[in-house]
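In: curious how this folds, go ahead:
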Amino acid sequence: MSDEANSAGRSVLVTGANRGIGRAIAERFVAAGDKVATVYRSGDLPDGVLGVTGDVRDTASVDAAFSEVEDKHGPVEIVVANAGVTRDQLLMRMSDEEFETVVDTNLAGAFRVARRGSKGMIRARAGRIILISSVVGLYGGPGQVNYSASKAGLVGMARSITRELGGRGITANVVAPGFIDTAMTQALPEKQQQTYLETIPAGRFGAVEDVASAVEFLASPGAAYISGAVIPVDGGLGMGH
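Out: Sure, this is the predicted structure:
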C-alpha cells in the first residue's frame, strides 16, 4: 500500500457491515477517508458505505458484488471477511444442516470472498486480507462444534494464503475477538454474563471499537511485514491459544 494510495482513499470491502463488529470496522475505514463497500443481506448501513446485496454462500453472488464494487470504487485493496452466523447446539443433537450452514457461511464464505478479492490484489502485487475469527475457534466452546470449527479453519486459511501469496505483497491475517459487547451479548441472562466476565482477565467485555482498532492496524502501512498472524482481542481470555 503506497502513501499515495492511502491519501486517495483505499478501496475496502467488509462483509456484514450492517451491524456489530462489521459495522464498527466499516465506520473506522470511512473515518479514515477510505472508499468502503459491503456485501450484506439486509439492514441499514453506516453513512458513507456502499451497500451491495449479496450472499457469501453463493459464488456467483460474491463475483457480482465484487464487480459492482470494482466498478464504483476501483480494485479492492483490503478485504475484511466478517460475515458469520451461529447455530449453537450440543454435539449429539446438532443436525447436518446446523453444521453445514455455519461452516458454509463462516468458513467457505470467507474463502469465496478472499478468492475473489485476491484476483485484483495479485495484479496489483499488493493487498490485505483480514479474516474475523473468534476466541472460540482456538479456545473451544460447548455447543459450538460447528462455530468453533468454522472459526478455527480461518487460521489455516490465512496461513496458507500467506505462504501462497506473500511474495506478491499480499498479507493475510486473523483477528480473534473474545466476548464483545454487542446485541447478542447483551441478550444473555445477567447470571451468564457474570460467569463469562469472571473468566476474562481484563474484567470487562470488549467493545466493537477494540476489534476495529486491530483491523485498522493490520490494514495500515505499519503492518506490512505481519502475515499469517492471529491477533486476539479478548482481554486475555484465550491467552493466545
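
In: tell me the helices in this structure, going along the chain?
Out: For the chain, the helices defined by DSSP state H occupy 3-8, 20-31, 59-73, 96-103, 109-124, 135-139, 145-165, 183-186, 190-198, 208-218.

In: highest average neighbour count across those helices?
Out: helix 20-31 (a mean of 24; mean count of other CB atoms under 10 Å). All C-beta atoms are positioned from the backbone trio N, CA, C, and that covers glycine.

In: that one to helix 208-218, inter-axis angle?
Out: For helix 20-31 against helix 208-218, the angle by axes from the mean of the first three to the mean of the last three CA atoms, to 10 degrees is 50 degrees.

In: returning to what we had before: Asn173: which of the helices of the chain is closest?
Out: helix 208-218 (5.0 Å; CB to CB).

In: so which elements touch that closest one?
Out: helix 20-31, strand 127-132, strand 170-177, strand 230-233 (3 or more CB pairs under 8 Å, 6 or more residues apart in numbering; DSSP states H and E).

In: pull up the pairing partners for the last one, direction included.
Out: Pointing back at strand 230-233 there. Paired with strand 230-233 in the same sheet, following DSSP bridges, are strand 170-177 (parallel).

In: any idea how far the partner strand is from the chain center?
Out: Going by CA atoms, centre = their mean, to the nearest Å, the spacing between the C-alpha centre of strand 170-177 and its chain's C-alpha centre is 8 Å.

In: any chance of the helices and strands packed on helix 208-218 in CSV with mean pLDDT as columns?
Out: Compiled in CSV, the helices and strands packed on helix 208-218 are given as follows (pLDDT from 0 to 100):
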stretch, mean pLDDT
helix 20-31, 97
strand 127-132, 98
strand 170-177, 98
strand 230-233, 97
